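# Mind looking at a prediction? Sequence and model below.
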Amino acid sequence: MTEQPPAPPGAGTDAPGGVDLFVRSPAERSRTFTGILVNTGIANITTSYLWFALTFWAYLETRNVIATGVIGGAYMLLVALSSISFGTFVDRYRKVSVMRFAGAFTLGMFALAGAMFLVTPEPILLDLARPWFWVFTLIVLIGAVVENMRNIALSTTVTILIEPDRRANANGLVGMVQGLMFIITSVLSGLSVGLLGMGWTIVVALALTALAFAHLLTLRMPEEVRAAATDAHGAFDLRGSYAAVLAITGLFALILFSTFNNFVGGVYMALMDPYGLELFSVELWGTFFAVGASGFIVGGALIAKFGLGRNPLRTMLVAVVLMGVIGALFTIREWAWLYVLGIWLYLVLVPFIEAAEQTVIQRVVPLERQGRVFGFAMAFESAAAPVTAFLIAPLAQFWIIPYARSDGGAAQLAPLLGNGTSRGIALVFLVAGIVIILAALLAFLTPVYRRISASYREGTAAGADGTVAADAEGTHAPSGSTTP
């Protein structure tokens, strides 16, 4: 990517962030956002389709939860290590250009993975003691991780294209698309691995990635007349990202809470697929997970229709409490219907948490810093889950699951968790859910909760146009707010 040339005279170059909102009407900007959202959804479906398939294939061929835990943990770790760079590029370049770069890079990595699968015999590729499985996995994961650059850019396009009082609803639409991604990918991945095999799954992923990239080349966003005038530097602006977060009172604490929530959520990331694959065949598990993932669409639709209320942060914490209750109870018995229902309810709540955080950031952070703030938040929050996944997968594989399947362990757990082959995983889920509930209830009592809520109200009162004021030293903050 190269720096963009200056916009022509009269194109609105004096607008904040190089954005001219008078090029088109709000309705026309909304249609452009819909096109970008659909394209990003197709790209996310493709990367998740291949990533899900890789996880299913690895577990079915090895029956080893360490493999699935490492795959999930490695993905989140790569996201954490790269997100600040992604946010820096989003701030420095035009958003559509960033999306095109990410699409081209992902297409190249998936092609490389396909070539490696073609030339490496499958028994050698599946030998976990050899490097080839891990190299193949890393190539796929890098291609999928770079796609997250598009998601950061998508969050900033909400600020550019959507009116401030409709941004929560737009973030709900993002949640709906993510839900559709889960439904389609879980069904397709299970069917692909079960019926076509991993080789043809890679071929399908390549074709879909190429189609999404071709469509992306047709999209235009004339409101962004030039790259934002930003203070971002280099390819990894950690100092600038940190300063942008600290410039908003309480924002760092919000990110820390989301990080802790993800830390506990890593338990589910590591063990949800193994639990489902113990209950169902791979084809049925993909289908039933798709049924559960329809909750994502329901949650996103509710936000798109009704918004997040006057205080998105309060909505977020209530959703976290309910999520903890569901996570603790949806495997309390080894009943397939309870597991699917629990996944559905759990995923209804996920869009509320993600949309609430995005809406707060879009309201209180200047556009020219939003890429780095979203990248910083993604880095912190993504770093938590792999730590848990790397810890819990071996603990579950070597100690908790064998204990729960032993005669003594099964007898001790039966009064609380019933009988079944997966009571060890259920025990882990129960403890994780209780921890999430306690953390969210404590967050309600903190001064930080009150400060962030106040900052959001002040940003709303400053004007529905979402403008920001600069203090005497040039540090941007929402009108009426204070910097630490």
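Arrived safely. Residues are numbered from 1 along each chain as shown.

# is it true that S85 touches A235?
Yes. Counting by C-beta atoms under 8 Å, A235 is a contact partner of S85 at 5.5 Å. Every C-beta, even on glycine, is put in place using the N, C-alpha and C of the backbone.

# neighbours around A290, how many?
20 (other C-beta atoms under 10 Å).

# can you offset everything so residue one is 7?
New numbering, starting at 7: the last item is A296.

# Regarding it, what is its secondary structure?
State at A296, reduced to three classes by DSSP: H, G, I helix; E, B strand; the rest coil: helix.

# Distance-wise, check it relative to R463.
Distance, A296 to R463, by C-beta to C-beta, to the nearest Å: 39 Å.

# do L118 as well
Taken as C-beta to C-beta, the span from L118 to R463 is 50 Å.

# which helices and strands does the longest helix along the chain pack with?
Among the segments of the chain that qualify as a helix by DSSP state H, the longest is helix 32-68. Judged by 3 or more C-beta pairs under 8 Å, 6 or more residues apart in numbering; DSSP states H and E, helix 32-68 is in contact with helix 71-98, helix 101-125, helix 137-152, helix 154-167, helix 173-197, helix 204-222, helix 257-285, helix 288-312.

# Dump the ones you listed into a markdown table; add mean pLDDT and distance to R35 as well.
Output for the helices and strands packed on helix 32-68, formatted as a markdown table (pLDDT from 0 to 100; distance: least, C-beta to C-beta, whole Å):
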| stretch | mean pLDDT | distance to R35 |
| --- | --- | --- |
| helix 71-98 | 79 | 19 |
| helix 101-125 | 92 | 13 |
| helix 137-152 | 89 | 27 |
| helix 154-167 | 87 | 4 |
| helix 173-197 | 77 | 11 |
| helix 204-222 | 91 | 18 |
| helix 257-285 | 79 | 27 |
| helix 288-312 | 81 | 17 |
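
# buried residues in the longest helix of the chain?
In terms of neighbour count (16 or more other C-beta atoms under 10 Å), helix 32-68 has its buried residues at 35, 38-39, 42-43, 45-65, 67.

# cool, and stretch 189-207?
For stretch 189-207, by 16+ other C-beta under 10 Å, it's 189-200, 204, 207.

# ok, now stretch 70-79?
So, applying 16+ other C-beta under 10 Å, buried residues of stretch 70-79: V71, I72, A73, T74, G75, V76, I77, G78, G79.

# pretty sure V288 contacts F62?
Yes. At 5.5 Å, V288 and F62 qualify as touching, with contact defined as C-beta under 8 Å.

# Mutual contacts of the two, please.
G196, V199 (C-beta atoms under 8 Å, 6 or more residues apart in numbering).

# Pull the contacting residues for G271.
G271 touches A390, A391, T394, A438, I442, counting by C-beta under 8 Å, 6+ apart.

# ugh, typo on my part, it should be R106
R106 neighbours (C-beta under 8 Å, 6+ apart): F219, L222, L223.

# ditto for S198
Y55, A59, W206, T207, V210.

# cutoff 10 Å now
Going by C-beta atoms under 10 Å, 6 or more residues apart in numbering, S198 touches 55-56, 58-59, 62-63, 191, 204-211, 288-289, 292.

# How about I148?
With C-beta under 10 Å, 6+ apart, I148 has these contacts: A80, Y81, L84, S88, F111, T112, M115, F116, L118, A119.

# switch to 8 Å and redo it
Counting by C-beta under 8 Å, 6+ apart, I148 has contacts L84, M115.

# And it, how far from V141?
Distance from I148 to V141, by C-beta to C-beta: 11 Å.

# before we move on, back to that, for S91 and A241, indicate the residue with more neighbours.
S91 (19 against 11).

# For burial, what's the neighbour tally of the nearest residue to the more buried one once chain neighbours are set aside?
Take S91 and drop its neighbours on the chain: the residue closest to it by C-beta to C-beta, 6 or more residues apart in numbering is F242, 4.9 Å away. By other C-beta under 10 Å, the residues close to F242 number 17.

# Measure how the one helix or strand E360 maps to sits relative to helix 173-197, angle-wise.
Assigned by DSSP states H and E, E360 falls within helix 342-370. If you take axes from the mean of the first three to the mean of the last three C-alpha atoms, to 10 degrees, helix 342-370 sits at 140 degrees to helix 173-197.

# Could you pull up the mean pLDDT of helix 342-370?
Confidence for helix 342-370, expressed as mean pLDDT, is 87.

# Show me what it packs onto, helices and strands only.
By 3+ C-beta pairs under 8 Å, 6+ apart, helix 342-370 packs against helix 154-167, helix 173-197, helix 257-285, helix 288-312, helix 318-335, helix 373-401, helix 453-467.

# Just put those in TSV and tack on distance to R429.
Output for those, formatted as TSV (distance: least, C-beta to C-beta, whole Å):
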stretch	distance to R429
helix 154-167	35
helix 173-197	24
helix 257-285	10
helix 288-312	19
helix 318-335	14
helix 373-401	15
helix 453-467	36
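
# out of those, which comes closest to A361?
helix 173-197 (3.7 Å; C-beta to C-beta).

# so the closest one versus helix 204-222, what angle?
150 degrees.

# now helix 173-197: how far from the chain's centre is it?
11 Å (C-alpha atoms, centre = their mean, to the nearest Å).

# Determine the set of other helices and strands touching it.
Using 3+ C-beta pairs under 8 Å, 6+ apart, helix 173-197 sits against helix 32-68, helix 154-167, helix 288-312, helix 342-370.

# Same list (the ones you listed) but as a markdown table, adding distance to S264.
Below are these laid out as a markdown table (distance: least, C-beta to C-beta, whole Å):
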| stretch | distance to S264 |
| --- | --- |
| helix 32-68 | 20 |
| helix 154-167 | 14 |
| helix 288-312 | 17 |
| helix 342-370 | 6 |
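
# quick one, which of these is nearest to L447?
Comparing the helices and strands packed on helix 173-197 by C-beta to C-beta, helix 342-370 comes nearest, at 15.4 Å.

# What is the burial count for I90?
23.

# who's in contact with it?
I90 makes contact with F242, D243, L244, S247, R378, G381, F382, A385, according to C-beta under 8 Å, 6+ apart.

# cool, and V183?
L43, V44, T46, G47, N50, G306.

# which residues touch stretch 414-430?
Under C-beta under 8 Å, 6+ apart, the answer for stretch 414-430 is 280-281, 284-285, 337-340, 402, 406-411, 432-433, 436.
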